[in-house]
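[1] build me a model from this:
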Amino acid sequence: MTTEVTISDRAARRIGEILKGEGSGAMLRISVEGGGCSGFQYKFDIDRARTDDDLVIEQDNAVVLVDSASQPFLAGSQVDFVDDLIGASFRVNNPNATASCGCGTSFSV
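    Presented below is the predicted three-dimensional model:
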């Protein structure tokens, strides 16, 4: 299985727009933590500090960080941005998830 995490073009554009409004040095951190209705949930934060073991994904104006503890849960995933009838949000298409909640913010492995 690949350890790579990819960002869709739509997500990169939206992340770039968000980071532009946050000022110099802002990056989007994606992490996985316990919780949610399916066991794990995705967390999106603005961060200004990288650690040595962060996975760093740079695409266009988007800089995304994934901490080392979250990397195995996100291996092979693609982060996308969708804007549909229920709203606009980032969506993680995660091949490791064996089940997820209806809104797509939590999952189990």
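[2] list the contacts of the host helix or strand of residue 92.
    Element membership of residue 92, judged by DSSP states H and E, is strand 87-93. The contact list for strand 87-93, computed with CB atoms under 8 Å, 6 or more residues apart in numbering, reads 11, 14, 30, 42, 44, 74, 77-82, 104. Where you see a C-beta, it was placed from the backbone N, CA and C, and this is true even at glycine.
[3] can you dump the C-alpha atoms of that strand in PDB for me?
    Extracted C-alpha coordinates of strand 87-93, given in PDB (Å, rounded to 0.1, in the frame of the first residue of the first chain):
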ATOM      1  CA  GLY A  87     -22.500  22.300   1.800                       C
ATOM      2  CA  ALA A  88     -18.800  22.900   0.900                       C
ATOM      3  CA  SER A  89     -16.200  20.800   2.700                       C
ATOM      4  CA  PHE A  90     -13.000  18.900   2.500                       C
ATOM      5  CA  ARG A  91     -13.500  15.200   2.000                       C
ATOM      6  CA  VAL A  92     -10.900  12.500   2.500                       C
ATOM      7  CA  ASN A  93     -11.200   9.500   0.200                       C
END
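[4] in that strand, what's buried?
    Neighbour counts using 16 or more other CB atoms under 10 Å place 90-92 of strand 87-93 among the buried residues.
[5] also stretch 5-17?
    5-8, 11-15.
[6] output the residues you listed as TSV; include the columns secondary structure, distance to residue 25 and pLDDT.
    Listed next are these as TSV, based on DSSP: H, G, I helix; E, B strand; the rest coil; distance: CB to CB, whole Å; pLDDT from 0 to 100:
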residue	secondary structure	distance to residue 25	pLDDT
5	coil	21	93
6	strand	23	95
7	strand	19	96
8	coil	24	96
11	helix	20	96
12	helix	18	97
13	helix	20	96
14	helix	19	96
15	helix	14	97
